[in-house]
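# Output the structure for:
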Amino acid sequence: MKRKTICFLVSGLMDDFTIKLCNGVMSEASHLDINLVVVPVKYIDRDLTGLQDKYEYQYKTNASNLLPENIDALLVAADCIGCLTTKENLMDFIHSLPKVPTVMVASKVEGYPGVIFDNKVGVRDGLTYLVEKLGIRRIGMLGGSEKHVDAKERRDAYDEIRQKYDLPYRETMFVETNISLDCQNEVELLLDMNPDLEAVFCVNDDVARTTYQVLRARGLEPGKDVKILGFDNSQMAAMVSPALSTVDADAIELGRHGLRMVMRALEGENPGVETTPTRFILRDSFGGLEETVRKSDGLLNRSLLNRQFDQIFYRYRDVEQMDASKLRNNFLLLMEEVISYVESGQHDDWQVRELKDKINTFFTKEHALEYTDNNELMPYIERLHAEAAERFGTPEAKLSVYRMLISVYKRILNAMSDRTVQYESGMDAMLYSMKTIVKDTLNFTYGNDKSYESIVQPLANVGFRNAFVYIYEKSIVHLDQEPFEVPKMLRIKAALTDGEVRDVPYIRQPVSLKSIFNHRFLPKEKWTMVLMPLYFGDTVYGSVLVDLNNLMFRNGEFMVNQFATTARMIEILRQNNEIQKQLEENLAVMAENNIVLDRLSRNDVLTGILNRRGFFDIARSVIAECKEMKIDVIFSYVDMNNLKVINDRFGHDDGDFALRAISQVLTEVVSGNGTVGRIGGDEYAFIYYGKLSEEELRKEISERFRKMNEESDKPYNVTVSCGFYRIHPEEEISVDDAMASADEDLYRAKQFKDNRVVK
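As a prediction, this is how the structure comes out:
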């Protein structure tokens, strides 16, 4: 049975939230016999003003590759794709997608099954902590539009807690933002209208970061003067200072859940709309370490160890087929010993050394740090150390616990250093490969099919196993807001299959759009790849299907930009080659035409012999050659007798016959020993360097015309008069002068011409 192909439609491939969603989907896919293709389409109706890539709209063409014939089901991050457009435009986009089983993820779309966050759980926990643990009463909110489903749910949770605890509230304590970093005016407005606020709940971490900036500009310190709660648990949430308390919307689990729903939909089930919970993450924006420790009562609570594990080691869920049970059990056993030691209140150097060894073993042999969020672990260890230090009274005991803490820090720093080295090595390899692509592109001489291997070969060098370059027969100029249709047939110009660069003969390149995810060059085993558009400016050249891995998440858009530049260069060179080829062909035709034109310009149309120009050119060359060879040359000026009589009495056709007959007779006379030309209406000339003398030539010409007239059925005679001039080798004379001298002889000959025209 044919393996199913599931398509995951996302916004930007390098978006933090998208990466987590993809990791969840990929993790779930690792347990299933399916092919997974991720298709980024960026953001519908995004304002491109000021963006570095003002042609980013080309990503929307990516969705045009999808057909009911090449995918079996769709998973769509609709709210991410349509976060900057209207509901109507988003629905138009969704309705344009292939009619296959479709599930929404992180989105609630009418008429479609999907999975969304239960935004309220984590928000309620965070706000409850502010009220119950820290005694905060005056809490404002920087929210989003009522039309934004997630923003509305977060507002609802805020209202529920406010009402539950009967918190003081004014309408000015809620200010709507555009849920982006660009919300400084809204933050200023909230603080101006509510100078007594003790805490602010921000609809997401981006808004929280801007709130930090505005507070500091006013001389207020986040976490100390005003507590801050964010949402999303973005990477920056843990990196800002103080670290941001936030709500973790577990996009990894959301992605897993979404793919499970897709598989159920493929079996004919209608899953409906389902939810996955969010969780509150406590960090320093709720106060300093001492205050946090003083208010905390869960660090040494054995019943909460599983929750602490999930919070600290949640990254194990990113790893395909990772069995976390052993890691979890070892963590629980280790923490049981730590808690027992702290609860005893009795300092024991031997026990401390044993605990330190077990902690080092846990982080080393279990590779726990590979799955750890250090931004969760470090504050946890600090708070645990603070609680432990309070239980031991002597300086020696406190110092011993402190040394154990230092040992753990060293282990963490070493692991982080190793990760940094690995990351930098990967980056170095990737950058070198990109340089290779640029260098190869600049060194292209011809734009042929082998040139496309410069795209897939560097990918193989940095560990990619599969990559396929699809190129349109003709590139497409596509402007923003214009409809776009992918050609029904494409060409596979380069293929990297199972780590091997494959040769793709021209006759095997064509692949239908229906088969771009199912052709002979794809690996036989199941695969997970991303489809990226190849465009340069307003021109789309095709697309590339490539393994989806960490390098693609970190640098995928940059790499594909280089691929597109290569595709553009190949097309330019190919067009240049075609132009060069056409130019050469045109030059060849022109040369042939010039020969014909030259012949036509030198030959008399009626008789076929040389015209005046042609004869004089040849005559000059013959005279010069004969002079070098010291041979006499006879120049003859010939005039037809009675042409007007023949034209008037018998017609111009017979006049033309007579002219052609003269050219034939004179050519026969000088054949092999000279050249004949018609230099006027009834005037001819020839140059002769044979054995006959002038008188012998005159007699030969006369005899030939007599014989021709006898054999001819024409009622008239054709005759000529001839004048001659002999040119000696030592004589310096031009053709014009020779002709003038022959003309004088012709004048004398005409006095004796035969005027008998009619036979």
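# got the residue ranges for the strands in the stretch 651-759 of the chain?
Along the stretch 651-759 of the chain, the segments classed as strands by DSSP state E, counting those that start in this stretch run 674-678, 683-688, 720-727.
# any chance of those in TSV, with mean neighbour count too?
(C-beta placed from N, C-alpha, C; glycine too.) Below are those laid out as TSV (neighbours: other C-beta atoms under 10 Å):
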stretch	mean neighbour count
strand 674-678	25
strand 683-688	25
strand 720-727	22
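# Mind putting those into CSV with distance to T246?
As requested, the strands of the stretch 651-759 of the chain are exported to CSV (distance: least, C-beta to C-beta, whole Å):
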stretch, distance to T246
strand 674-678, 101
strand 683-688, 105
strand 720-727, 110
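# Could you dump those into CSV with distance to F616 and mean pLDDT added?
Shown next, in CSV, are the strands of the stretch 651-759 of the chain (distance: least, C-beta to C-beta, whole Å; pLDDT from 0 to 100):
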stretch, distance to F616, mean pLDDT
strand 674-678, 8, 94
strand 683-688, 9, 95
strand 720-727, 14, 95
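# where's P395 relative to M629, distance?
To M629, P395 is 125 Å away according to C-beta to C-beta, to the nearest Å.
# One more: V175?
V175 is 108 Å from M629, by C-beta to C-beta.
# ok, now K164?
124 Å.
# Wait, I228 touches E198, no?
No. With contacts defined as C-beta atoms under 8 Å, I228 does not count as touching E198, sitting 10.8 Å away.
# any residues touching the helix or strand where S636 lies, and which ones?
Using DSSP states H and E, S636 sits within strand 633-640. The contact list for strand 633-640, computed with C-beta atoms under 8 Å, 6 or more residues apart in numbering, reads 619, 622-623, 626, 658-659, 662, 666, 682-689, 694, 697, 701, 718-727, 735, 738-739, 741-743, 745-746, 750.
# Now do the helices in the stretch 101-250 of the chain.
Taking DSSP state H, counting those that start in this stretch, the helices of the stretch 101-250 of the chain run over residues 119-132, 149-164, 184-193, 205-217, 235-239.
# Check N375 and give its pLDDT.
Here, the pLDDT recorded for N375 equals 58.
# Equivalent analysis for E585, please.
pLDDT, E585: 73.
# That one and G12: what is the separation?
Taken as C-beta to C-beta, the span from E585 to G12 is 47 Å.
# What of I94?
From I94 over to G12 (counting by C-beta to C-beta), the distance is 18 Å.
# and if you look at S451?
29 Å.
# Closest to the centroid, which residue in this protein?
For the chain, the residue nearest the mean C-alpha position is L534 (2.7 Å; C-alpha atoms, centre = their mean).
# is it true that that residue touches Q562?
No. Applying C-beta under 8 Å as the test, L534 and Q562 come out as separate, 10.3 Å apart.
# Contacts only, for N70.
Counting by C-beta under 8 Å, 6+ apart, N70 makes contact with T5, L513, K514, S515, I516, F517, N518.
# Need the contact partners of stretch 608-624.
Residues outside stretch 608-624 that contact it (C-beta under 8 Å, 6+ apart) are 601-604, 633, 635, 660, 663, 667, 674-680, 685, 687, 689, 727, 735, 738.
# Would you mind identifying the next helix or strand past the worst-scoring helix or strand of the chain on mean pLDDT?
When each helix and strand of the chain is scored by mean pLDDT, DSSP states H and E, helix 289-295 comes last, with a mean of 47. Using DSSP H and E, the helix or strand that follows helix 289-295 in sequence is helix 305-312.
# buried residues in the helix or strand following that following helix?
Downstream of helix 305-312, the next assigned helix or strand under DSSP H and E is helix 325-344. By neighbour count on 16 or more other C-beta atoms under 10 Å, the buried set for helix 325-344 is L327, R328, N330, F331, L334, M335, V338, I339, Y341, V342.
# what is the mean pLDDT for helix 325-344?
Computed over helix 325-344, the mean pLDDT rounds to 76.
# from the chain's centre, how far out does the helix or strand just after that helix sit?
Later in the chain than helix 325-344, the nearest helix or strand by DSSP H and E is helix 349-365. How far helix 349-365 lies from its chain's middle: 51 Å, per C-alpha atoms, centre = their mean, to the nearest Å.
# Over to stretch 180-199?
On C-alpha atoms, centre = their mean, the centre of stretch 180-199 falls 41 Å from that of its chain.
# Tell me the buried residues in that stretch?
The neighbour-count check on stretch 180-199 (16+ other C-beta under 10 Å) flags C183, E186, V187, L190, L191, N194, L197, E198, A199 as buried.
# ok, which pair from the residues you listed is furthest apart?
C183 and E198 (20.5 Å; C-beta to C-beta).
# Could you identify the longest strand within this structure?
strand 467-477 (DSSP state E).
# wait, what's in contact with V105?
Contacts of V105 (C-beta under 8 Å, 6+ apart): L21, L75, V76, A77, G114, V115, L254, G255, H257, G258.
# among those residues, which two are most distant?
For those, the farthest-apart pair by C-beta to C-beta is V76 and H257; their separation is 14.1 Å.
# Where does pLDDT dip in the stretch 501-650 of the chain?
Scanning the stretch 501-650 of the chain with the threshold set as pLDDT under 70 gives 577, 590-601.
# meant to ask about the stretch 201-350 of the chain, not that
Those would be 288-304, 307, 311, 314-324, 345, 347, if you go by pLDDT under 70 across the stretch 201-350 of the chain.
# do that again at 80, thanks
Along the stretch 201-350 of the chain, segments meeting pLDDT under 80 span 235, 238-239, 288-332, 334-350.
# Grab the CA positions of the helix or strand that contains I94 and hand them over as CSV.
Following DSSP H and E, one finds I94 within helix 87-95. Presented in CSV, the C-alpha positions along helix 87-95 are these (Å, rounded to 0.1, in the frame of the first residue of the first chain):
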residue,chain,number,x,y,z
LYS,A,87,-10.7,36.5,8.8
GLU,A,88,-12.3,36.7,5.3
ASN,A,89,-8.9,36.6,3.5
LEU,A,90,-7.7,33.7,5.7
MET,A,91,-10.8,31.7,4.9
ASP,A,92,-10.3,32.4,1.2
PHE,A,93,-6.8,31.0,1.5
ILE,A,94,-7.9,27.9,3.5
HIS,A,95,-10.7,27.2,1.0
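# So for that helix, mean pLDDT?
Rounded mean pLDDT across helix 87-95 is 93.
# Which other helices and strands does that helix contact?
With contacts taken as 3 or more C-beta pairs under 8 Å, 6 or more residues apart in numbering; DSSP states H and E, helix 87-95 sits against helix 78-81.
# Show me what the next helix or strand after the strand holding S636 packs onto, helices and strands only.
Where DSSP H and E defines the elements, the next helix or strand beyond strand 633-640 is helix 643-650. When contacts are defined as 3+ C-beta pairs under 8 Å, 6+ apart, helix 643-650 sits against helix 652-670.
# Dump the C-alpha coordinates for the helix it packs on into PDB.
What follows is helix 652-670, C-alpha atoms only, in PDB (Å, rounded to 0.1, in the frame of the first residue of the first chain):
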ATOM      1  CA  HIS A 652      11.300  43.200 -75.800                       C
ATOM      2  CA  ASP A 653      11.200  39.400 -75.100                       C
ATOM      3  CA  ASP A 654      13.100  38.800 -78.300                       C
ATOM      4  CA  GLY A 655      15.400  41.700 -77.300                       C
ATOM      5  CA  ASP A 656      16.100  40.000 -74.100                       C
ATOM      6  CA  PHE A 657      16.800  36.700 -76.000                       C
ATOM      7  CA  ALA A 658      19.300  38.500 -78.100                       C
ATOM      8  CA  LEU A 659      21.100  39.900 -75.100                       C
ATOM      9  CA  ARG A 660      21.300  36.500 -73.400                       C
ATOM     10  CA  ALA A 661      22.500  35.000 -76.600                       C
ATOM     11  CA  ILE A 662      25.400  37.500 -76.800                       C
ATOM     12  CA  SER A 663      26.500  36.700 -73.200                       C
ATOM     13  CA  GLN A 664      26.400  33.000 -74.100                       C
ATOM     14  CA  VAL A 665      28.500  33.400 -77.200                       C
ATOM     15  CA  LEU A 666      31.100  35.700 -75.600                       C
ATOM     16  CA  THR A 667      31.400  33.300 -72.600                       C
ATOM     17  CA  GLU A 668      32.100  30.400 -74.900                       C
ATOM     18  CA  VAL A 669      34.800  32.300 -76.800                       C
ATOM     19  CA  VAL A 670      36.800  33.300 -73.700                       C
END
